[in-house]
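> Okay, here's the prediction I keep looking at, along with the sequence it came from:
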Amino acid sequence: MSQDAAQTFRFCPLCASGLEMRSEPEDSGPTTRLRCSACSFTHWNNPTPVLAAVVECVDREGQVLLARNAAWTERFFGLITGFMEAGESPEAGVSREVLEETGLQVEGLSLLGVWDFQRKNQLLVAYHVRARGEIRLSPELAEYKLIAPERLRCWRGGTGQALATWLRSKGLEPQWMD
């Protein structure tokens with residue numbers, strides 16, 4: 001259980017009693033989770049699925065779009081990401097996120113892979129997305145860069161692994177940031 005969840009959830013959403021960290025038997029053996037002693041509610045704290053897109057702009061000589069989130073204090077540019085919505089497939093979700101955040105129309109996509117991102121308790125589902133159109137950033141994004149694949153530099157954590165996988169699929173050896 002992440003420390004964030006232990007601090008965020010203090011009361012049972014079903015009966016409002018206090019939650020406490022308790023170990024109880026589960027299929028894989030005793031597991032410690034936030035639990036309600038009054039009604040037996042368990043906060044599972046399962047990872048959240050996050051969709052990520054390596055956006056290749058087919059009408060811009062195959063350059064890759066990287067963006068800076070408006071909430072980030074540092075000037076880091078990353079992949080287009082977003083949460084999967086209930087009732088949508090990962091493919092539909094990543095297409096929706098690319099359109100919502102960049103205004104680009106998705107022409108095709110392929111799965112790059114799935115990575116755990118334990119620091120944020122997330123499961124990253126990453127796609128290579130071929131898109132085109134006029135770039136119009138949503139308020140979630142502060143700015144963007146278009147970079148030729150051979151000039152891209154990967155970061156070690158999170159979605160950087162997806163970018164490295166895509167570069168290898170194009171026959172390029174990933175270059176890593178320090």
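Sure thing, it's come through.
> the domain parsing of the chain - what is it?
If you go by automatic domain parsing, the domain ranges for the chain are 3-43, 48-169.
> and these as CSV, adding mean neighbour count, mean pLDDT and distance to Trp176?
Yep, even glycine has a C-beta here, placed from its N, CA and C like the rest. Shown next, in CSV, are the domains of the chain (neighbours: other Cβ atoms under 10 Å; pLDDT from 0 to 100; distance: least, Cβ to Cβ, whole Å):
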stretch, mean neighbour count, mean pLDDT, distance to Trp176
domain 3-43, 12, 86, 28
domain 48-169, 17, 96, 5
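> which is the next helix or strand following the helix or strand containing Glu24?
Secondary structure assignment for Glu24, by DSSP states H and E: strand 19-26. Using DSSP H and E, the helix or strand that follows strand 19-26 in sequence is strand 29-36.
> What strands line up against that following strand, and which way round?
strand 19-26 (antiparallel), strand 42-43 (antiparallel) (DSSP bridges).
> CSV for those, including distance to Arg33?
Rendered in CSV, the data for those read as follows (distance: least, Cβ to Cβ, whole Å):
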stretch, distance to Arg33
strand 19-26, 7
strand 42-43, 6
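> Just the C-alphas of the strand holding Glu24, formatted as PDB.
The C-alpha trace of strand 19-26 is given here as PDB (Å, rounded to 0.1, in the frame of the first residue of the first chain):
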ATOM      1  CA  LEU A  19     -10.100   2.700   8.400                       C
ATOM      2  CA  GLU A  20      -7.000   1.000   9.800                       C
ATOM      3  CA  MET A  21      -4.100  -1.000   8.400                       C
ATOM      4  CA  ARG A  22      -4.900  -4.600   9.100                       C
ATOM      5  CA  SER A  23      -3.500  -7.900   7.900                       C
ATOM      6  CA  GLU A  24      -6.000 -10.500   6.900                       C
ATOM      7  CA  PRO A  25      -5.800 -13.800   4.900                       C
ATOM      8  CA  GLU A  26      -6.300 -13.500   1.200                       C
END
